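Visitor: quick one, structure for this:
(chains A and B)
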Amino acid sequence: MTTPPREKHLIRAYGDRRDDGIIQISFTLPVATSEKAKEAAQIYCKKLGLTDVKVAAAERAADQYTFFVVYARSPVIIDYNEIDTPEIVIKKLGFYELNEFIEQKIARKVVVFGACTGTDTHTVGIDAILNMKGFAGDYGLERYPWFEAYNLGSQVPNEVLIKRAIEQKADAILVSQVVTQRDVHKENSRAFIEQAKEAGIAGKMTLLLGGPRVDHKLALELGFDAGFGPGTKPSDVANFVAHQVLQRLGKEAKGTHFEGEPT
Amino acid sequence: MYMCGMSGLFITDEQIAEARQLASDITDPIFDLISKNTTISVERTVLRWFGVDGVGNLGAPLVNLMCDRLKEAGVLNKGAAYWYGRALRMGASSPLDAVERLTSAPLETLKPLAPAEEAKLRDEVRAEARAAVEELKNRVAQRNDLKREFPMGPAPHKYVIVATGNIFDDVDQARAAAQAGADVIAVIRSTAQSLLDYVPQGATTEGYGGTYATQENFRVMREALDDESRKLRRYVELTNYSSGLCMSEIAFMAAWERLDMLLNDAMYGILFRDINMRRTFIDQYFSRRICAMAGIIINTGEDNYITTADAFDAAHTVIASQFINECFAKRAGLKDWQLGIGHSYEIDPHQPDTLLLELSQAMLVRRCFPDAPLKYMPPTKHKETDIFFSHAYDVMADLVAVWTNQGIQLLGMMTEAMHTPLLADRYVALKAATYIHKAAKGIDQEFTVREDGKIANRARFVFANAIQLLREAQADGMVAAIGRGRFGDVKRAETGGKGLDGVMEKAPDYFNPFLEMMENS
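Guide: Residues are numbered from 1 along each chain as shown, chains lettered A, B, ... in the order given. As a prediction, this is how the structure comes out:
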């Protein structure tokens, strides 16, 4: 099979003129602030492959630490057309449209369980997605009349979350992992997937992972159906879950995607 | 002392007095519970104060081994101090020896001593407790001397967090933060330490999301900050967490190691860690008694309510809880200058007027607690990963903090919601706060708030709702109010949660010489 050669779409970083390659970075070096330290920052940036390095600020962050803000040009060019991500086929639905969509297509409430599992006590992520209020002006799942959302809070053992979800015939489980030190979020998540498999719900319920250091790729690697990282709106999750339910019901083709879905 | 020209603002002094009276009525029945009961962690604290330190063969702290044995034998309700005295009379030559003698003694069948002997035992133990209290006071006096020699910078005191998991890395970060202008260093605890029913031992280098609170870690960090304070010629305070199942043990260790501040809330453990209500109320009292004696400033945790509930809708629950927390604190002997009453800048920034609303809330808290330092917390819930927006957002909290004369301000980090702060994140936050605090000093003297404007009307509305909530809690009781999720949208039952089995009714001859001394001082 041969693929027709694709036209290239070459791009560089944009400062204030096309292809100037200007980027801004900041970093700290563990040395006292001095002319020599500034030179070290120059050399460091040149070794990163940058040119026209301007050390805009060299600040004494502490006796033995200097904080730098640097502007420089990066010679890196990428071909935008070489990037392969799934095509967007469906427009993401808003709050009212999505409720109407579920009412018509699924005709029952979509049941969602969420919790911070393991020792994680930080409910900020799961609250933003599930609680009435939502996040950044985007309503949480509790607010959707066609969702039934259960937020079990923090430090919930995996088995409790799974048991409750099975009892309520949940369509989806949201696992939130905020604490990431020493990759504890990955360990907790792996343990969750193991128990989900034992309970026989993997592949039946939609299993989602969320958190500041989570991305879709990591979630898939760990065995989840999707991962939602920083900046996720409740409506992203709501849309994703609704389409997953339809796909599991055979009412929508597998692999249908929508705008705003994690890629 | 913190408030200038705010008397009479928004609400009358009589209304504030009513709130205080309601809080006092609400806490009355809880003090009945506190006076009749003790907990296993209070008793462990007593033993620590006598100098029982160290761990047994399997790494369990000796105070746990001893109290578990006493509890199992059904005699811990006489007070660990009594049994410590019995061990001394059995000929124990050291605290360790006392533990060994007690854990091997047939406690179930041990007969009481003759009345004269009993009295003598108590006198001896009281004398030893007096000496231990004196030693604690001497250590606190050393701290006060250092503070006098190197006075702190001006308020709001800039408070930043270190959280590497390794106490020695924490020391490097804390020193760097102090050099960049921090006034207070908090060492975040390892995730879920509040649920451990023992305090880990020794210096620790592994933690999750923070560093274990241990007595040795306290010592290591305070020693480093003493050194840094001398170098900077400016005293740098240290804080940690007296919460969870070992609330009072941590308070004792912190007092002994001369910590300056502790996060310590009368209800936080109940609401946010699902620790049993009775356990928490009893533990918080003893821990606050220790803080009162050791000159530790407590930080209450009302900021947490508006990370679970909505900051705009639940603003009144913060005010109501602050009056209750204040009442618990005052009844444990704490003075106004020790009350870092917590509140925060957490209203959804996508809504209109939020700077006015935040000012309103912070001014109202200042109005209600004019002599307390207060502790102001930065935005977290609506933080975005756009660090440039995040930084601007934090700066608004800096402005509100200086405008309302906050004593302590936890600085927001531009990378909040991303990772534990990098060294440079703290530097950037400290530089901005130093600028704003200096630039806007006295702004409250220059602008008066119009009595018919958004700020004043909002403050009156929030205060009226707080009074409503306090009246409800007074009528139905604190337990019922918590049961209905009135604080932070979290519901808890009186006999639910962790740690209830560590609560005991005191025996008629219960003995705790430290409590006697602290209550009578």
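Visitor: now whichever residue of the stretch 1-150 of chain A sits closest to chain B: how far from residue B:430?
Guide: Of all residues in the stretch 1-150 of chain A, the one sitting closest to chain B is residue A:62 (3.4 Å; CB to the nearest CB). In short, each C-beta sits where N, CA and C put it, glycine included. From residue A:62 across to residue B:430, the span is 10 Å (CB to CB, to the nearest Å).
Visitor: now do residue B:52
Guide: Applying CB to CB, the value for residue B:52 to residue B:430 is 41 Å.
Visitor: low-confidence ranges in the chain?
Guide: Looking at chain A here, since you left the chain open. For chain A, applying pLDDT under 70 flags the ranges A:1-4, A:85-90, A:121, A:180-182, A:255, A:259-260, A:263.
Visitor: hm, I was asking about chain B
Guide: Judged by pLDDT under 70, chain B has its weakly predicted residues at B:1-8.
Visitor: the longest helix in chain B is where?
Guide: The longest helix of chain B (DSSP state H) is helix B:115-149.
Visitor: show me what counts as buried in that one.
Guide: Going by neighbour count (16 or more other CB atoms under 10 Å in any protein chain shown), the buried part of helix B:115-149 is B:118, B:121-122, B:125-126, B:128-129, B:132-133, B:136, B:140, B:143.
Visitor: next one: stretch A:57-74
Guide: Judged by neighbour count (16+ other CB under 10 Å), stretch A:57-74 contains these buried residues: A:58-62, A:65-74.
Visitor: do the same with stretch A:80-100
Guide: For stretch A:80-100, the neighbour count (16+ other CB under 10 Å) marks A:92-93, A:95, A:98-99 as buried.
Visitor: how about that stretch, does it reach chain B?
Guide: No. Stretch A:80-100 does not reach chain B (CB under 8 Å from any CB of the partner chain); its nearest approach is 15.2 Å.
Visitor: would you mind measuring the gap between the ends of that stretch?
Guide: End-to-end span of stretch A:80-100 (CA to CA, to the nearest Å): 37 Å.
Visitor: how about residues contacting that stretch?
Guide: A:6-11, A:101, A:139, A:143-146, A:235-236, A:238-239, A:242-243, A:255-261, A:263 (CB atoms under 8 Å, 6 or more residues apart in numbering or on different chains).
Visitor: need the nearest residue in space to residue 230, chain neighbours excluded.
Guide: If you meant another chain, say so; for now it's chain A. residue B:385 (4.4 Å; CB to CB, 6 or more residues apart in numbering or on different chains).
Visitor: try again with chain B
Guide: residue B:150 (6.7 Å).
Visitor: what's near enough to touch that neighbour?
Guide: Each residue near residue B:150 by CB under 8 Å, 6+ apart is listed here: B:229-230, B:232-235.
Visitor: for these, pick the one with the most neighbours.
Guide: residue B:235 (22 neighbours; other CB atoms under 10 Å in any protein chain shown).
Visitor: what subset of the contacts of stretch A:80-100 is also close to chain B?
Guide: Among these, chain B is touched by none when using CB under 8 Å from any CB.
Visitor: which of those fall within strands?
Guide: Using DSSP state E, the members of the contacts of stretch A:80-100 that fall within strands are A:10-11.
Visitor: which of the contacts of stretch A:80-100 count as buried?
Guide: A:101, A:139, A:143-144, A:146, A:235-236, A:238-239, A:242-243, A:257-258, A:260-261.
Visitor: now, which of these sits nearest residue A:112?
Guide: Residue A:112 lies nearest to residue A:238 out of these, by CB to CB, at 8.6 Å.
Visitor: isn't the closest one right up against residue A:143?
Guide: No. Between residue A:238 and residue A:143 no contact is recorded; they are 9.7 Å apart, counting by CB atoms under 8 Å.
Visitor: got the buried residues for the helix or strand harbouring residue B:34?
Guide: For residue B:34, the host element (DSSP states H and E) is helix B:13-36. By neighbour count on 16+ other CB under 10 Å, the buried set for helix B:13-36 is B:16, B:18-19, B:22-27, B:30-31, B:33-34.
Visitor: and the gap between residue A:32 and residue B:179?
Guide: Using CB to CB, residue A:32 is found at 11 Å from residue B:179.
Visitor: got a list of what residue B:171 touches?
Guide: Applying CB under 8 Å, 6+ apart, the residues near residue B:171 are B:220-221, B:224.
Visitor: pretty sure it belongs to a helix, no?
Guide: Yes. Assessed with DSSP: H, G, I helix; E, B strand; the rest coil, residue B:171 lies in a helix.
Visitor: how many neighbouring residues does residue B:521 have?
Guide: 11.
Visitor: spit out the contact partners of the nearest residue to it once chain neighbours are set aside.
Guide: Leaving aside its sequence neighbours, residue B:521 sits nearest to residue B:293 (CB to CB, 6+ apart; 6.8 Å). Neighbouring residues of residue B:293 by CB under 8 Å, 6+ apart: B:133, B:136-137, B:140, B:255, B:333, B:518, B:521.
Visitor: quick one on the thing from earlier: from the contacts of residue B:150, which is closest to chain A?
Guide: The closest of the contacts of residue B:150 to chain A turns out to be residue B:232 (CB to the nearest CB; 10.1 Å).
Visitor: tally of neighbours for the residue nearest to the closest one when sequence neighbours are not counted?
Guide: Nearest non-adjacent residue to residue B:232, counting by CB to CB, 6+ apart: residue B:178, 6.3 Å away. The number of residues packed near residue B:178 is 27, by other CB under 10 Å.
Visitor: before we move on, what about residue A:199?
Guide: Residue A:199, neighbours per other CB under 10 Å, totals 16.
Visitor: that one: what's it in contact with?
Guide: Contact analysis of residue A:199 by CB under 8 Å, 6+ apart lists A:162-163, A:166.
Visitor: count of neighbours near residue B:244?
Guide: Counted by other CB under 10 Å, the residues lying close to residue B:244 total 26.
Visitor: who's in contact with it?
Guide: The contact partners of residue B:244, by CB under 8 Å, 6+ apart, come to B:193-196, B:250, B:269, B:273, B:275.
Visitor: residue B:11: how many residues sit nearby?
Guide: Residues within reach of residue B:11, counting by other CB under 10 Å, total 20.
Visitor: ok, residue B:191 next?
Guide: Here the count is done by other CB under 10 Å, and residue B:191 has 23 residues near it.
Visitor: give the contact list for the nearest residue to it once chain neighbours are set aside.
Guide: Leaving aside its sequence neighbours, residue B:191 sits nearest to residue B:209 (CB to CB, 6+ apart; 4.0 Å). By CB under 8 Å, 6+ apart, the contact set of residue B:209 is A:179, A:181, A:184, B:163, B:165, B:188, B:190-191, B:420.
Visitor: buried residues, stretch B:497-517. List them.
Guide: B:497-499, B:502-504, B:510-515, B:517.
Visitor: what about these, which are in strands?
Guide: Using DSSP E, the buried residues of stretch B:497-517 in strands are B:503-504.
Visitor: done for today, thanks.
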